[in-house]
Structures are given as C-alpha cells and as structure tokens.
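Student: heads up, no residue letters with this:
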C-alpha cells in the first residue's frame, strides 16, 4: 500500500476536486441492483454509522467500516480515506491537524530543554509551539519547514533523530547562513594569505575578532557566533552551503582564547577538508570524529598560536605576568592565549591540572563577540538576527 502522508492528505482536502460519496454509493446500488438496506446488511454496517461516515459527522470513523465501504465502491483505500476526510466536519479536520502539529513538534524538537532555555514558554499549547518554530525559522507552514529546510540540509547525510537539540542547533546555524547569503566569492588563495595575518588581532579584545570576521566575509567565508548548548559537545562547526564555507563558533567554556582557537580550527577544515565536508554539508567539531580530521585541525590551531617549543620556553616564567606579557607581545598574541595553552600542555604532557589557574588574566569573552550579534535562543526571528549580523559583516 502506498505510504499515506498526513500533510499531503490534509492539503488534498482543500485542493482535490470534490467528490460526492453518497452519489457514488447510490450509483453502485443501481449497478449491483441492491437496495441500500440490503447493501448495508451485506457489508455489516449499521445504517446510522454509514450516514455519519459519508456525511462527515463521525467523530472517530471506524477504519474497518471505511475499508468495507471502499471495497464496495471499488476505491483504492488511500483515495477513499481522502474522500472521507474531505467530507469531515471542520471540528474533525481541526483535531487531525492538531495531532499532526503535535507529532511535528515531538518528532523534531526537545520541548523540555528548549523551554528551560527560554525558547518556549511553559504555558504554550501545540499551536503556539508550532507558531514559535515557524516564526523563528521563517516559514509559513510545517510543510515548508520540512521541504525547504529539513530536506536540503540532510540531503547528503542521514539525520540522527536521537539528538534533537543538536539538530536544532545545526538548523539554526544553517538557516542563518542561508539568510545572510554572503555575496562574495570564496577564494582559497586569498584565505591562505589572510590566515597568516590573523594572530595580532587577538591582542585587541574589543575589535580584533570583529575585524577578522569582516575580512573573512569579504573573501566568501562567513563566520557567526551561536550560543553553546550544554546538552551537546559542539564547540564549532563548518558548513559548505552553495559552494561557500561558513563557520559557527560557540561560547563553549566562555573563554576568550577558546574563541580564537576554534576559529583557526574551523579555518583549517575550510582549507584542507573542504571536499570532505561538502559531501555531507557540514561538520561539527567536538563530536565524534567520523572523518578523522579533528586532531589535525587542533594541531594546526595550537601550532599557529603557541607551539610546544614556546610552551617549553615560557613555562619557567609563567608566574611572572610581566615576562608573560612581554612574550605575548613578541609573539603577537593576547597573554590569555599563553595561559590557556600552558594549562593545556601541562595536562597533556605531565597530567597536571591548572584548569582554575590564571583566570584573572582572561578578558571577558563576550566583549569580543557582542558586536557580532551572537545567535541566542531568545530571538523571535532568525531573519531579523541574520540581517543584523550581515549588516555588521559587510564592509561599507
């Protein structure tokens, strides 16, 4: 039997040509030379039940009776179900639509977690939940959402239905990039030339990241910031959309050095893993390394800012802020990056935990990204948020 799509079925109610079941039934009675009473007796269907089904007044039509009538009328069952629905009362159609909306919500979204984040309100009913989703992503119907967002995003990779929050995070980023629609052509050679100039900008907490992101946008690489979701392990991501690379950076661990590390990590993916990522539309950093490319990207970012040789030099002076600051200036990086990598190398090489140390040398990470309008979960519309981001990134 052909799979019956509820959305298509409901749409057909209002688009297909009207068919009168009663007239077709009466015609069959003439064809078979039967009275209505005799036919219903043979079908073992009560007269009142039959009238309720064909008039659309049956609140919960019995499926067995529908199959019997369809067989009598020589109708394919799915086609007959459409006819029965077309004759249903407005109240019954509304109840089916509400059930479809509820299924859409529970299938695609973690309502409990999104409510905790403030995206949904605890008092929202099904209609309000759907309206919030459609407004946020910029669609008129759940059908549009599924066919214009869901299908293109997962056309090259199988969707993992088990992690709805990760899926929500991915869709938010993907839709943001599509709305921004960077008009600049991606130029790999210009990216290689730009990357070597990035390091000094880490010294400017207020404007450095913004300046770099604008420069990247100008050569076809869009960078946005999107809030980290504690239910995931995603610290960043690279998307390839319409032949152009797009990068998401999260506020994972809310540390200034991590923003720069993640940016270089993702730029490594753009430079060296473009075709691999393009084959699946996107790659999430911090998740299972299915492509075996994460270590390489980590090493690239680490060596770019602070190689092990530099760690070995500064480790004996790490408690002297003046010397650390002087060394940071010599290497054209912010001092917090030295402290951050010192902590990492100590753990990696010697198993020592300095995680809570030197935090007084870390600037407020939000100062670096606030002008880039990071996507939070308080937005009403991604379109509005994306247009703000685009206006900042465009060089006027």
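Tutor: Good, I have the coordinates. These figures come from a predicted structure and were not determined experimentally.

Student: what about the stretch 201-350 of the chain, any weak spots by pLDDT?
Tutor: Residue ranges of the stretch 201-350 of the chain with pLDDT under 70: 288-291.

Student: Please enumerate the strands of it.
Tutor: With DSSP state E, counting those that start in this stretch as the criterion, the stretch 201-350 of the chain has strands at 222-225, 236-241, 244-249, 282-285.

Student: Dump the ones you listed to CSV, plus mean neighbour count and distance to residue 61.
Tutor: For the C-beta atoms, the positions are set from N, CA and C on the backbone; glycine is no exception. CSV is the format used below for these (neighbours: other CB atoms under 10 Å; distance: least, CB to CB, whole Å):
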stretch, mean neighbour count, distance to residue 61
strand 222-225, 24, 50
strand 236-241, 24, 46
strand 244-249, 25, 48
strand 282-285, 23, 44
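
Student: Indicate which one of those strands is closest to residue 337.
Tutor: Residue 337 lies closest to strand 244-249 among the strands of the stretch 201-350 of the chain, at 15.4 Å (CB to CB).

Student: Go ahead and measure how far that closest one is from the middle of the chain.
Tutor: 14 Å (CA atoms, centre = their mean, to the nearest Å).

Student: In the sheet, which strands lie alongside that strand, parallel or antiparallel?
Tutor: strand 222-225 (parallel), strand 236-241 (antiparallel) (DSSP bridges).

Student: would JSON lines of the strands of the stretch 201-350 of the chain with distance to residue 216 be doable?
Tutor: Formatted as JSON lines, those follow (distance: least, CB to CB, whole Å):
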{"stretch": "strand 222-225", "distance to residue 216": "6"}
{"stretch": "strand 236-241", "distance to residue 216": "12"}
{"stretch": "strand 244-249", "distance to residue 216": "8"}
{"stretch": "strand 282-285", "distance to residue 216": "17"}
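
Student: Which of these sits closest to residue 394?
Tutor: If you check each of the strands of the stretch 201-350 of the chain against residue 394 by CB to CB, strand 222-225 wins as the nearest, at 10.9 Å.

Student: Show residues contacting the closest one.
Tutor: Strand 222-225 has contacts (CB atoms under 8 Å, 6 or more residues apart in numbering) with 173, 176-177, 180, 182, 213, 216-217, 244-251, 263, 369, 372-375, 389, 393.

Student: Quick one: residues contacting residue 65.
Tutor: 45, 49-50, 53.

Student: closest to residue 165 among these?
Tutor: Nearest to residue 165 among the contacts of residue 65 is residue 53, at 42.9 Å by CB to CB.

Student: Please state the offset of whatever helix or strand that closest one lives in from the chain centre?
Tutor: Assessed by DSSP states H and E, residue 53 sits inside helix 47-55. Computed by CA atoms, centre = their mean, the separation of helix 47-55 from the middle of its chain amounts to 46 Å.

Student: got it, and stretch 106-121?
Tutor: That offset, for stretch 106-121, works out to 14 Å (CA atoms, centre = their mean).
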